[in-house]
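# When you get a sec, could you give me coordinates for this:
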Amino acid sequence: MKHLAANLWAWGSLAVLSALALAMAGPWLAWGRLRGRPVPAVVREGVWLYGRAYLHLLRPTAKVELADSGAGPLNGPALVAANHQSWLDLYLLAAQNARNVCFLVRAWPFRRLFFFRPLMRLAEYVETEGVPWEELWPSLRAEAARGSVMVAFPEGTRSSDGELGRFHSGLFKLAIDLDLPVWPLVIHRSGRVMPKGSLFFRPGPIRVKFEQPLRPGDFARAPIPHGAMRRAARLAFKKALAPSER
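Residues are numbered from 1 along each chain as shown. You can find the predicted model right below:
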């Protein structure tokens, strides 16, 4: 009965919050434009507020802790690499304070999340799947020039058992090419609260922690700099994700 109540609250609050967010999207965008702010910045801040609001509403089911790693504040331009256990991970990114966040995403959110697709386009999130590098590069370079925090899941998909998957190289090639730091964002236990393939919340704590950023200059002498950076990032996640913390 306790778990049923937690699920009714978690799903009910998400439905109400999402409906409210969609209803307020137009007025929020108009207010931002009256303040002279660019459309993507206004939408991204709204998405951050939406995510932060849901994390607060989720507390009866999953209390989220942002652990202090001593790595300092996250400021753009920068790249964030996060492990991926649950769809909740997208909301967990709102636990940190950077609001100008640009998601580097695969094609499926643009195709399946039809109710949020216009907002994703307005936010100018970057669709990376199947897009040639020469087409991606101008958009990514422009995001860096705007001071954006670009976020990606280097595993590419959610883990079904908490085990860390293989890392793809794209994010680390981008870091080397743009000379940007990569911040490993380690998400603990989100897969326990909402496992892949399940629609049932399992109440419990979630912890989010930034590890020390990886800087391109530290890998400049490696034979394949982006490969060395990718291996170092995965090792940082492996060390942080002890079996009891997954």
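
# only C-alpha atoms for contact and neighbour calcs from this point on.
Will do.

# Need the nearest residue in space to Thr157, chain neighbours excluded.
Leaving aside its chain neighbours, Thr157 sits nearest to His84 (6.6 Å; criterion: Cα to Cα, 6 or more residues apart in numbering).

# Wasn't the one you found part of a strand?
No. His84 sits outside any strand when classified using DSSP: H, G, I helix; E, B strand; the rest coil, being coil.

# and the closest residue to Val101 other than its chain neighbours, how far is that from Arg99?
Nearest non-adjacent residue to Val101, counting by Cα to Cα, 6+ apart: Val149, 4.8 Å away. To Arg99, Val149 is 8 Å away according to Cα to Cα, to the nearest Å.

# One more: Pro118?
19 Å.

# So those two - more neighbours on which side?
Neighbours per residue (other Cα atoms under 10 Å) separate Pro118 from Arg99, with Arg99 holding more: 21 against 12.

# mind checking how far the closest residue in space to Asp89 that isn't next to it in sequence is from Ile206?
Take Asp89 and drop its neighbours on the chain: the residue closest to it by Cα to Cα, 6+ apart is Ser190, 7.0 Å away. The gap separating Ser190 from Ile206 is 6 Å, by Cα to Cα.

# more neighbours, the two?
Higher neighbour count among Ser190 and Ile206: Ser190, with 27 against 20, using other Cα under 10 Å.

# same for the helix or strand hosting Arg207, what does it pack against?
In the assignment (DSSP states H and E), Arg207 maps to strand 206-210. Contacts defined by 3 or more Cα pairs under 8 Å, 6 or more residues apart in numbering; DSSP states H and E place strand 206-210 against strand 64-67, strand 182-188.

# Which of those strands sits closest to Gly197?
Between Gly197 and these, the shortest gap by Cα to Cα is with strand 182-188, which sits at 18.0 Å.

# Next, the buried residues of the next helix-or-strand element following the closest one.
Counting by DSSP H and E, the element after strand 182-188 in chain order, helix or strand, is helix 190-193. Of all the residues in helix 190-193, those buried under the rule 16 or more other Cα atoms under 10 Å are 190-193.

# Okay, strands next: where are they in the protein?
64-67, 78-82, 101-105, 126-127, 149-152, 182-188, 206-210 (DSSP state E).

# In TSV: the ones you listed, plus distance to Gly36.
Below are the strands of the chain laid out as TSV (distance: least, Cα to Cα, whole Å):
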stretch	distance to Gly36
strand 64-67	32
strand 78-82	25
strand 101-105	19
strand 126-127	23
strand 149-152	21
strand 182-188	31
strand 206-210	33
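
# which residues sit against stretch 164-175?
By Cα atoms under 8 Å, 6 or more residues apart in numbering, the residues outside stretch 164-175 that reach it are 79, 81, 83, 152, 154-156, 159, 180-182, 216, 226-227, 229-230, 234, 237-238.

# next one: stretch 32-40
Here stretch 32-40 has contacts from 29, 42, 122-124, using Cα under 8 Å, 6+ apart.

# do stretch 98-105 as well
With contacts defined as Cα under 8 Å, 6+ apart, stretch 98-105 is touched by 41, 44-45, 48, 74-75, 123-129, 143, 147-152.

# Of these, keep whichever come out buried.
41, 44-45, 48, 74, 123-128, 143, 148-152.

# Tally up the residues packed near Leu140, please.
Residues near Leu140, counting by other Cα under 10 Å: 19.

# what's it in contact with, if anything?
Val126.

# could you measure it against Leu104, distance?
Taking Cα to Cα, one finds Leu140 at 9 Å from Leu104.

# before we move on, what about Trp133?
For Trp133, the distance to Leu104 - Cα to Cα - is 13 Å.

# These two - which one has more neighbours?
Higher neighbour count among Trp133 and Leu104: Leu104, with 19 against 11, using other Cα under 10 Å.
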